[in-house]
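Chemist: no letters, just coordinates:
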């Protein structure tokens, strides 16, 4: 009787035995779109989604600590905070198309090399990808796009925000980054992954 893990291991062993999988090391020289590849690196979630979710949790915590208040002004402020939280949640959900988000893999041993992995959150336990974030994992997948040093992958390509021109989004993100990082160490938010980069349809994430 096989488990999903044992079936995957059998498939992976067969693919490697038949030399149908290429390992990405320090360049994309021999990689072509449509091929199976295995990459190793540190995984991170889409930085815009990660920042928005962290800010939502922070505001929810602040609202809970402040309580509902007793005065008219306090209740009005609490109502405004909850409205802001709901708006932020709606914006964040708009970045998750059909439950799919982009995960970014910083390739091990490949300076500046990255891979973008469109993943379904439902495949994680309880829909939480926290167990793999900032960890070094292997990913088996199929290459959908290859970007050289002049290419790029848009993290907003499947969202409604892709309708905005890149220069407009750049200005909005610059203001957001400058003002946000004055009070909170949120890091730089980027929506473009510049080459060298791969767009990979992941089959499995494993150690």
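Modeler: Cool, the structure landed. Treat the numbers as computed from the prediction; the structure is a model and nothing was measured. Numbers count the residues shown, from 1 in each chain.
Chemist: neighbours of residue 31, how many?
Modeler: By the criterion of other C-beta atoms under 10 Å, residue 31 has 14 neighbours. Where C-beta positions appear, they are placed from N, C-alpha and C, glycine not excepted.
Chemist: again with residue 139
Modeler: 24.
Chemist: quick check: it vs residue 131, distance?
Modeler: Using C-beta to C-beta, to the nearest Å, residue 139 is found at 15 Å from residue 131.
Chemist: now residue 42: closest residue in space that isn't a chain neighbour?
Modeler: Distances taken as C-beta to C-beta, 6 or more residues apart in numbering place residue 106 nearest to residue 42, at 4.8 Å, with adjacent residues excluded.
Chemist: tell me which element that neighbour falls in.
Modeler: In this structure, residue 106 is located in strand 100-107 according to DSSP states H and E.
Chemist: on contacts alone, who are the packing partners of that strand?
Modeler: Strand 100-107 is packed against strand 36-45, strand 114-120, with contacts defined by 3 or more C-beta pairs under 8 Å, 6 or more residues apart in numbering; DSSP states H and E.
Chemist: show me what that strand is in contact with.
Modeler: Outside of strand 100-107, the residues that reach it under the criterion C-beta atoms under 8 Å, 6 or more residues apart in numbering are 24, 39-47, 49, 95, 113-121, 129, 137, 139, 155, 158, 193, 202.
Chemist: how many neighbours does residue 29 have?
Modeler: Here the number of neighbours of residue 29 (other C-beta under 10 Å) works out to 6.
Chemist: roughly how far apart are residue 73 and residue 79?
Modeler: Here residue 73 is placed at a distance of 11 Å from residue 79 (C-beta to C-beta).
Chemist: those two: who's more crowded?
Modeler: The neighbour count for residue 73 versus residue 79, taken as other C-beta under 10 Å, is higher for residue 79 (11 against 8).
Chemist: what packs against whichever strand or helix holds that one?
Modeler: Applying DSSP H and E as the criterion places residue 79 in helix 72-94. Under the contact definition 3+ C-beta pairs under 8 Å, 6+ apart, helix 72-94 sits against helix 47-66.
Chemist: between the helix it packs on and helix 72-94, how many degrees?
Modeler: 160 degrees (axes from the mean of the first three to the mean of the last three C-alpha atoms, to 10 degrees).
Chemist: helix 47-66 vs strand 100-107, what angle?
Modeler: Going by the same axes, to 10 degrees, helix 47-66 makes 110 degrees with strand 100-107.
Chemist: list the helices and strands helix 47-66 packs on?
Modeler: Judged by 3+ C-beta pairs under 8 Å, 6+ apart, helix 47-66 is in contact with helix 72-94.
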